[in-house]
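> sequence first, then the predicted structure, then my questions.
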Amino acid sequence: MPKILIIGGVAGGASAAARARRLSEDAEIIMFERGNYVSFANCGLPYHIGGDIQDRSKLLLQTPESFLARFNVDVRVMNEVVSIQREDKTVTVKNLLDGSEYTESYDFLLLSPGAAPIVPPIPGIENPLTFSLRNIPDMDSIINSIQMNNVQHATVVGGGFIGLEMMEAFHQLGIKTTLLELADQVMTPVDPEMAGFVHQEIRAKGIDLRLGTALTGVEYIPETHIASEEAGEDSINQHIHGQLQLSLSTGDTLTTDMLIMAIGVRPEVSLARAAGLQIGELGGIWVNDALQTSDPSIYAVGDAIEEKDFVTGKQTVVPLAGPANRQGRMAADNMLGANETYRGTQGTAICKVFDLAVASTGKNEKQLKREEIAYDKVYVHTASHASYYPGAEVVSLKLMYAPDSGKILGAQAVGKDGVDKRIDILAVAQRAGMTVEQLQHVELTYAPPYGSAKDVINQAAFVATNIMKGDVKAIHYDQIANLGDDQVLLDVRNPVELQNVGTFPAQSISRLTNCVTV
């Protein structure tokens, strides 16, 4: 009867525990969680803050009691594993409620510690009005501060998933919001021209978006309110709050009532490092294709590990719930005698930004250039369903592929409707090894309320295949300024399209001899 210890719950650890029990009724399974909550919807935290998910209990997927009743898993919350003794195959556990310590032996050990928010050493960053968002207590602290401190303005640092979701949550609560992003774009999994749609949407909603801007300093200005209670003036209730004065890399200053740090996460590897397990070059726990660490009896999954990139085959760190769940399941299989191998992570992801959805899969153009991978690309902008049926919205799709084989390297899409459908299809096609030529023949559902006879996917494949065959040559927006003397940029839009979108000045394009716009 194997004894399996699992360190950390949520996506990877909880999935492994459930799978292990389904595979073995006899295995002894113990899961340790240093916090109060073992299985919660961490991706839903910003949506509870903003009010989309009103019932807090909906975020609690499993409790220690439900795990025990349903899976016969011994879940020990507020118990932190403080060390691993690999030679003895034991762990030392600290009970955070009473401070006592004890040991547990194992046959197999699974590490699922997740990743911790990155908080850079900015002067003044440690203060009562600065928060990060990783778990339920973090969420509760943010909600409590909003309610108690009458927050009128919030600042979010970081334009990734959590940053964008928190920006929208504040907006829904009627709180004026500034979003600071060091890069020249938000949502770095997509390329700048695709992020441009998102920037437009953010600014249209009244958000103070500041790109290319870093937070360099924080000054906490406390304010103390003393209120007398009914019991008498000798019994007082003190509530301390205040404001933050932010210093920015641009030289500007900004006064805010709350600061959210969302610049990214870092794999939590302290326990693994102390146990002498191999740490990868990217800072995550090294694992092989079976999700074993450098110790064959210890497995690791989720945000803490370095996994294989599906396109390049190189090591990568991708903190997403989908891969973590699949890895937890696979690790349980292998601990109980299977020989499963992890097939790589594509990084398929989507984010809601007000009325827009922005999604991607595979590699973006920036990564392909950095990896020196040959690629070509096409763009299509077409309706989410039949344009004559009410409610059709434009889907802007970017598809990247290998110029020699036509193999799909990555895709990005932005729009108000149908974005998830297209990126999901392309993620499946990429994993199946399909080419853009084969993608032409993909047969998708069609009825006017749902799609088009020539879907966005088909149209992107048609354009890419035309280029590969040499039927047409493509020139992209960033190449227009380098047109030769023998080239003319001809505007072939109809008058209505021209009126709706407008032109750009001819003098902004070098060496053109005729009407200029696209």
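Structure's in. What do you need?

> what about the helices in this structure?
Counting by DSSP state H, the chain has helices at residues 10-23, 45-50, 64-71, 136-149, 161-172, 192-204, 270-274, 321-335, 365-370, 419-431, 436-439, 456-469, 495-501.

> of all those, which lies closest to residue 300?
helix 270-274 (6.9 Å; CB to CB). Backbone N, C-alpha and C define where each C-beta goes, glycine included.

> which of the residues in the closest one are buried?
For helix 270-274, the neighbour count (16 or more other CB atoms under 10 Å) marks 271, 272 as buried.

> so how far is it off the chain centroid?
25 Å (CA atoms, centre = their mean, to the nearest Å).

> also stretch 338-348?
On CA atoms, centre = their mean, the centre of stretch 338-348 falls 18 Å from the chain's centre.

> end-to-end on that stretch?
Using CA to CA, to the nearest Å, the end-to-end distance of stretch 338-348 comes to 27 Å.

> list the contacts of it.
Here stretch 338-348 makes contact (CB atoms under 8 Å, 6 or more residues apart in numbering) with 189, 289-291, 307-311, 313, 316, 318, 320, 322-323, 326-327, 330, 333-334, 359-362, 423-424, 427, 430-431.

> which of those are buried? Put it as a PyMOL command.
The PyMOL selection below is limited to those of the contacts of stretch 338-348 classed as buried (16+ other CB under 10 Å):
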select buried, resi 189+290+291+307+308+309+310+311+316+318+320+323+326+327+330+333+334+359+360+361+362+423+427+430+431
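
> where does the stretch 351-500 of the chain dip in pLDDT?
Applying pLDDT under 70 to the stretch 351-500 of the chain flags no residue at all.

> name the nearest residue to residue 304, ignoring sequence neighbours.
residue 267 (4.5 Å; CB to CB, 6 or more residues apart in numbering).

> list the contacts of residue 110.
Contacts of residue 110 (CB under 8 Å, 6+ apart): 4-7, 12-13, 16, 298-301, 328, 331-332, 335.

> try it again at 7 Å.
Going by CB atoms under 7 Å, 6 or more residues apart in numbering, residue 110 touches 4, 6, 7, 13, 16, 299, 301, 331.

> distance check, residue 435 against residue 287.
According to CB to CB, to the nearest Å, residue 435 stands 31 Å off from residue 287.

> can you pull the contacts of residue 376?
401, 403, 467.

> against residue 152, how distant is it?
For residue 376 relative to residue 152 (CB to CB), the value is 49 Å.

> cool, residue 169 as well?
Residue 169 is 15 Å from residue 152, by CB to CB.

> any idea what sits nearest residue 259, other than its immediate chain neighbours?
Nearest one to residue 259, counting by CB to CB, 6+ apart, is residue 130 at 4.4 Å.

> again but with residue 11, I slipped
residue 324 (3.9 Å).

> the one you found: neighbouring residues, count only.
27 (other CB atoms under 10 Å).

> next: residue 65.
9.

> please name the residues that touch it.
Neighbours of residue 65 in contact, by CB under 7 Å, 6+ apart: none.

> how far away is it from residue 73?
Taken as CB to CB, the span from residue 65 to residue 73 is 11 Å.

> so for stretch 103-111, what gets flagged as buried?
Those would be 104, 106, 108, 109, 110, 111, for stretch 103-111 by 16+ other CB under 10 Å.

> pretty sure the third one contacts residue 334?
No - Residue 108 lies out of contact with residue 334 (CB atoms under 7 Å); the separation is 9.0 Å.

> and the closest residue to residue 283 other than its chain neighbours, what pLDDT?
Spatial nearest neighbour of residue 283, chain neighbours left out: residue 267 (5.7 Å); criterion: CB to CB, 6+ apart. The confidence metric pLDDT takes the value 95 at residue 267.

> beta-bridge partners for residue 267, please?
residue 115 (DSSP bridges).

> how close does the residue nearest to residue 132 when sequence neighbours are not counted sit to residue 43?
Leaving aside its chain neighbours, residue 132 sits nearest to residue 117 (3.8 Å; criterion: CB to CB, 6+ apart). Distance of residue 117 to residue 43, computed by CB to CB: 15 Å.

> TSV for the contacts of residue 376, including neighbour count and distance to residue 410?
Below are these laid out as TSV (neighbours: other CB atoms under 10 Å; distance: CB to CB, whole Å):
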residue	neighbour count	distance to residue 410
401	28	9
403	13	14
467	19	16
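
> mind checking which helix or strand of this structure has the lowest mean pLDDT?
strand 232-248 (a mean of 69; mean pLDDT, DSSP states H and E).

> can you tell me which residues contact the residue nearest to residue 304?
Contacts of residue 267 by CB under 7 Å, 6+ apart are 115, 283, 284, 285, 303, 304, 317.

> how close does the residue sitting nearest the centre point of the chain get to residue 372?
In the chain, the centroid-proximal residue (CA atoms, centre = their mean) is residue 161; its distance is 4.7 Å. Note on residue 161: its distance to residue 372, by CB to CB, is 28 Å.

> so residue 62 touches residue 41, yeah?
No - counting by CB under 7 Å, residue 62 sits too far from residue 41 to count as a contact (10.6 Å).

> the two: which is more packed in?
Using other CB under 10 Å, the more surrounded residue of residue 62 and residue 41 is residue 62, with 21 against 17.

> the closest residue to the more buried one other than its chain neighbours and residue 84, how far apart?
Leaving aside its chain neighbours, residue 62 sits nearest to residue 39 (3.7 Å; criterion: CB to CB, 6+ apart). Applying CB to CB, the value for residue 39 to residue 84 is 23 Å.

> hang on, the earlier thing: so which of residue 117 and residue 43 has more stuff around it?
Neighbour totals were compared for residue 117 and residue 43, and residue 117 leads with 18 against 14 (other CB under 10 Å).

> contacting residues for the more buried one?
By CB under 7 Å, 6+ apart, the neighbours of residue 117 are 132, 134, 261, 265.

> enumerate every residue touching residue 83.
91, 92, 274.

> 10 Å - rerun?
By CB atoms under 10 Å, 6 or more residues apart in numbering, the residues touching residue 83 are 90, 91, 92, 93, 94, 101, 103, 271, 274, 275.

> could I get the contacts of residue 117 as JSON lines with neighbour count and distance to residue 250?
Putting the contacts of residue 117 into JSON lines (neighbours: other CB under 10 Å; distance: CB to CB, whole Å) gives the following:
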{"residue": "132", "neighbour count": "21", "distance to residue 250": "23"}
{"residue": "134", "neighbour count": "18", "distance to residue 250": "29"}
{"residue": "261", "neighbour count": "22", "distance to residue 250": "19"}
{"residue": "265", "neighbour count": "19", "distance to residue 250": "26"}
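
> out of those, which one sits closest to residue 245?
For those, the nearest to residue 245 is residue 261 (16.2 Å; CB to CB).

> and the strands in the stretch 301-450 of the chain?
305-308, 315-316, 349-353, 356-362, 376-383, 394-401, 408-415 (DSSP state E, counting those that start in this stretch).
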